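1. Here is my input; please provide its structure:
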Amino acid sequence: MFNVTVLKIKDVVKIFAGIIFLLGIIYIGKYSLKQTKEKSVSSEIESKIRTISQNNMLQCLDTVMPVIPQTDKKENKQESQKESKKNEQLKSNILQGLLKKQISTIGGIEKIEEKQAKIASTKETIAEEEIKQSEETKLAETGLDTQVITNNPIQENFNVQYGKVKIRNQTETPLTQEMLTPDIKIENKNIVLFHTHSCESYTASEKYQYNPTGSYRTTDLNFTVVRVGTELEKQLKQYNYNVVHSTDYHDYPSYNGSYTRSLATVENILKTTPSDIIIDVHRDAVGSRNDYAPTVKIGNDEAAQIMFVVGTNVGGLWHPNWNQNLKFAIKIQEKAEEMYPGLFKPIMLTPSRYNQHTGKYASIIEVGATGNTLDQCLNSMRYLAKVMNEVCQ
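-> Alright, predicted model coming up:
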């Protein structure tokens, strides 16, 4: 009996030890689960704090509220209350910190807003100045003393004259009095300007310096005949003309085919803007005389002389209205000789067509030569626009 009793006690001890061991495992597991949950809550709170630092006050409240964990229904009320107090305290601390941060940044925000206001004010000032400059575009005066002041001039070459208008007829077509009389009435107020040789430039001046990309050529259209066309456009608009000005390249990257490309440009413009007056603005290139600068002084302004180049059908291309083009050039130049004698050189009548079949009053005008400055050419456009306004009513 004694031995049996001892055996049973050992068994009881073993069972009791097993129960203790099992309870220990359960306790450790529960403790580990609790720690993991607390770490998860802590990690979530840290994430929310980072989010809060990037949001405004109202967003903070919405962001903080989800941080408060839902108490586990299985946990006792005391632990739930402690956890809730912890989160309430955390919420309070976060909001206090946020308030401090928001208050500290108000000064910075005010400075940023002040800078933005200054920038906006500056932009408005610039815009107003541009409008003011546009409104104050200097228009040409009349009744000014005018004289040609070209240094080392090239002798004028002409073989036909109508009144004070001189013409160099390079064709074999004889020009009768009827063909020369500018008995036309110009009623179209639409004017098309373009540039077959967009990259033609001038002698650099103190005001207009540029980087050449060829002999008196540059791809920077702020310093080429395109800029001259822009000035003519601006001047004509002051007289209430509707002007369409193409600033497209036609001679770059390839010079060959320039007239084919410019023809396509003009034809596209005419689809939406019908016009009789079509002007291709060029710069004269007179042989090897890079210093040639045909210049006229009008009042106190030095202006580059202008030359009409009028094409015909002599070269074999269809051009039924070339005589109308010639009459237009004569009519403009006749008025110019009254207002600013010497502004124009003799008209050049050529066998080539130069895309002038596109309009009743189409022509090339060559403004200045390589020796002229852009300043002088811009002045020319002021006086040309004034003359055109007298004729194109």
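2. which stretches of the stretch 151-300 of the chain have low pLDDT?
-> Where the stretch 151-300 of the chain drops to pLDDT under 70, the residues are 287-288.
3. now with 80?
-> 286-288 (pLDDT under 80).
4. Helices of that one, start to end?
-> 177-180, 225-238, 258-272 (DSSP state H, counting those that start in this stretch).
5. Nearest to N325, out of the ones you listed?
-> helix 177-180 (11.5 Å; Cβ to Cβ). Where you see a C-beta, it was placed from the backbone N, CA and C, and this is true even at glycine.
6. Which neighbouring elements make contact with the closest one?
-> helix 322-339 (3 or more Cβ pairs under 8 Å, 6 or more residues apart in numbering; DSSP states H and E).
7. re earlier: in JSON lines: the helices of the stretch 151-300 of the chain, plus distance to G315.
-> Below are the helices of the stretch 151-300 of the chain laid out as JSON lines (distance: least, Cβ to Cβ, whole Å):
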{"stretch": "helix 177-180", "distance to G315": "18"}
{"stretch": "helix 225-238", "distance to G315": "24"}
{"stretch": "helix 258-272", "distance to G315": "12"}
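8. Compare the ones you listed and give me the one nearest D375.
-> helix 225-238 (10.7 Å).
9. Using PDB, write out every CA atom in the closest one.
-> The C-alpha trace of helix 225-238 is given here as PDB (Å, rounded to 0.1, in the frame of the first residue of the first chain):
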ATOM      1  CA  VAL A 225      13.300  90.900 -91.600                       C
ATOM      2  CA  VAL A 226      10.700  89.100 -89.500                       C
ATOM      3  CA  ARG A 227      11.200  91.800 -86.800                       C
ATOM      4  CA  VAL A 228      10.800  94.400 -89.500                       C
ATOM      5  CA  GLY A 229       7.500  92.800 -90.500                       C
ATOM      6  CA  THR A 230       6.400  92.800 -86.900                       C
ATOM      7  CA  GLU A 231       7.000  96.500 -86.800                       C
ATOM      8  CA  LEU A 232       5.000  97.100 -90.000                       C
ATOM      9  CA  GLU A 233       2.200  94.900 -88.500                       C
ATOM     10  CA  LYS A 234       2.100  97.000 -85.300                       C
ATOM     11  CA  GLN A 235       2.100 100.200 -87.200                       C
ATOM     12  CA  LEU A 236      -0.700  99.200 -89.600                       C
ATOM     13  CA  LYS A 237      -2.900  98.000 -86.800                       C
ATOM     14  CA  GLN A 238      -2.700 101.500 -85.300                       C
END
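10. Just name the most buried of the helices of the stretch 151-300 of the chain.
-> With neighbours defined as mean count of other Cβ atoms under 10 Å, these peak in mean count at helix 225-238, which reaches a mean of 22.
11. In space, what's closest to T273 - neighbours in sequence excluded?
-> V244 (5.0 Å; Cβ to Cβ, 6 or more residues apart in numbering).
12. no wait, K138
-> Here the residue nearest K138, using Cβ to Cβ, 6+ apart, is R382, at 6.7 Å.
13. buried set for the helix or strand where the one you found lies?
-> Under the criterion of DSSP states H and E, R382 resides in helix 374-391. Residues of helix 374-391 classed as buried: 374-389, 391 (neighbour count, 16 or more other Cβ atoms under 10 Å).
14. now do stretch 193-211
-> 193-204, 208, 210.
15. Which members of these occur in strands, if any?
-> 193-194 (DSSP state E).
16. So what's the residue count around the residue nearest to V314 when sequence neighbours are not counted?
-> The shortest distance from V314 to any non-neighbouring residue, by Cβ to Cβ, 6+ apart, is to P351 (3.9 Å). Neighbour count of P351, defined by other Cβ atoms under 10 Å: 15.
17. Does P351 touch H319 like I think?
-> No. P351 lies out of contact with H319 (Cβ atoms under 8 Å); the separation is 10.3 Å.
18. Overlap of the contact sets of those two?
-> 311-312 (Cβ atoms under 8 Å, 6 or more residues apart in numbering).
19. coming back round to it: confidence score at the residue nearest to V314?
-> According to the prediction, P351 has pLDDT 98.
20. so what's it up against?
-> 170-171, 311-312, 314-315.
21. which one of the residues you listed has the most neighbours?
-> G311 (25 neighbours).
22. show me what contacts that one?
-> Taking Cβ under 8 Å, 6+ apart, one finds 319, 322, 325, 350-356, 364 in contact with G311.
23. swap the cut-off to 7 Å and go again
-> Contact partners of G311, counting by Cβ atoms under 7 Å, 6 or more residues apart in numbering, are 319, 322, 350, 352-354, 356.
24. And the helix holding R382, what does it pack against?
-> helix 225-238, strand 301-304, helix 322-339, strand 361-369 (3 or more Cβ pairs under 7 Å, 6 or more residues apart in numbering; DSSP states H and E).
25. Between helix 225-238 and that helix, find me the angle.
-> Here helix 374-391 runs at an angle of 40 degrees relative to helix 225-238 (axes from the mean of the first three to the mean of the last three Cα atoms, to 10 degrees).
26. All further residue positions should be reported with the first residue as 27.
-> From this message on, residue numbering opens at 27, which makes the last subject helix 400-417.
27. May I have helix 400-417 as CSV, with CA atoms only?
-> The C-alpha trace of helix 400-417 is given here as CSV (Å, rounded to 0.1, in the frame of the first residue of the first chain):
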residue,chain,number,x,y,z
LEU,A,400,17.7,97.1,-87.7
ASP,A,401,17.0,100.5,-86.0
GLN,A,402,16.9,102.2,-89.4
CYS,A,403,14.6,99.5,-90.9
LEU,A,404,12.1,99.8,-88.0
ASN,A,405,11.9,103.5,-88.6
SER,A,406,11.1,102.9,-92.3
MET,A,407,8.1,100.8,-91.3
ARG,A,408,6.6,103.7,-89.4
TYR,A,409,6.7,105.9,-92.5
LEU,A,410,5.6,103.2,-94.9
ALA,A,411,2.5,102.5,-92.8
LYS,A,412,1.6,106.2,-92.8
VAL,A,413,1.8,106.2,-96.6
MET,A,414,-0.2,103.0,-97.0
ASN,A,415,-2.9,104.5,-94.7
GLU,A,416,-3.2,107.5,-97.1
VAL,A,417,-3.6,105.2,-100.1
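28. Fine by me, we can end here.
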